[in-house]
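Novice: A predicted structure for the sequence below; I have some questions about it.
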Amino acid sequence: MNVRGIEKLGFGTPGDGVAGTSLTEYTDFKVSSVNFSDPKYSTENIPAENKPTFLSVGGDAEPSMISGELYNVPIAQLPALSGGRYDSDKGEYYPPKSAPDIYLTVKLTMVATKGKKIEITFPFAKVTAWREGALTEKELVTVHFEAIANTPVSQTGVEGESSITKELSV
């Protein structure tokens with residue numbers, strides 16, 4: 001999978017055990033800030049009694065993750081990503097007072113390379129987002145985000161895929 005550059009990143013309400021279809025898309029990213037990782041699996045090495053040998057067994061797993069920094073996120077859209085509330089009459093955003101549980105569909109679309117483009121979708125991801133940045137003339141405040149893939153489950157108890165990578169011809 002040769003990928004170079006991000007076309008867009010979308011966040012939206014998940015479907016019933018599947019990815020949501022109505023996503024708010026963002027196209028302005030801090031350079032080199034967006035990262036992706038597949039599940040990481042650890043290995044545990046168990047030493048044998050009275051022998052210089054080991055048995056290696058599977059250990060814990062960490063889920064897939066997408067993280068990065070976005071520019072130009074309107075403050076009216078902050079509650080969807082980071083919780084809190086927005087008062088449209090006053091044009092004011094109030095951050096959450098405690099950690100919110102936000103679960104969204106996340107879709108990362110890469111720039112086309114050699115006639116192919118990659119989409120990575122987390123149908124049901126735990127999303128954490130916050131604003132941060134230096135308040136100087138040469139820096140901008142960004143919305144940092146972290147999306148951790150969770151397994152979607154429909155109302156009838158059917159489990160879906162937690163991460164889907166799709167190659168598209170363009």
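Specialist: Thanks, I have the structure now. Note that the structure is predicted; figures quoted are calculated from it, not measured.

Novice: From here on, just use CA atoms for contacts and neighbour counts.
Specialist: Noted.

Novice: Most distant residue from the centre of the chain?
Specialist: What lies farthest from the middle of the chain is residue 50; by Cα atoms, centre = their mean that is 46.4 Å.

Novice: Locate that residue within the secondary structure: which element?
Specialist: According to DSSP states H and E, residue 50 maps onto no helix or strand at all.

Novice: what's the spacing between it and residue 56?
Specialist: According to Cα to Cα, to the nearest Å, residue 50 and residue 56 sit 17 Å apart.

Novice: ok, and the helix or strand in the protein with the lowest average confidence?
Specialist: Each helix and strand of the chain was given a mean pLDDT (mean pLDDT, DSSP states H and E); the minimum falls on strand 54-62 at a mean of 82.

Novice: neighbouring strands for it, and are they parallel or not?
Specialist: strand 40-47 (antiparallel) (DSSP bridges).

Novice: So which residues make contact with the strand it pairs with?
Specialist: Under the contact criterion Cα atoms under 8 Å, 6 or more residues apart in numbering, strand 40-47 has outside partners 53-64.

Novice: Go ahead and build a ChimeraX selection from the buried members of those.
Specialist: Command for ChimeraX, covering only those of the contacts of strand 40-47 found buried under the criterion 16 or more other Cα atoms under 10 Å:
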select :63,64
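
Novice: could you redo the contacts of strand 40-47 as a markdown table and give each row distance to residue 88?
Specialist: Listed next are those as a markdown table, based on distance: Cα to Cα, whole Å:
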| residue | distance to residue 88 |
| --- | --- |
| 53 | 66 |
| 54 | 62 |
| 55 | 60 |
| 56 | 57 |
| 57 | 55 |
| 58 | 51 |
| 59 | 48 |
| 60 | 45 |
| 61 | 42 |
| 62 | 39 |
| 63 | 36 |
| 64 | 35 |
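
Novice: Return the closest of the contacts of strand 40-47 with respect to residue 164.
Specialist: The nearest member of the contacts of strand 40-47 to residue 164, counting by Cα to Cα, is residue 64 at 10.2 Å.

Novice: Let me know the pLDDT of that closest one.
Specialist: Residue 64 is assigned a predicted lDDT (pLDDT) of 94.
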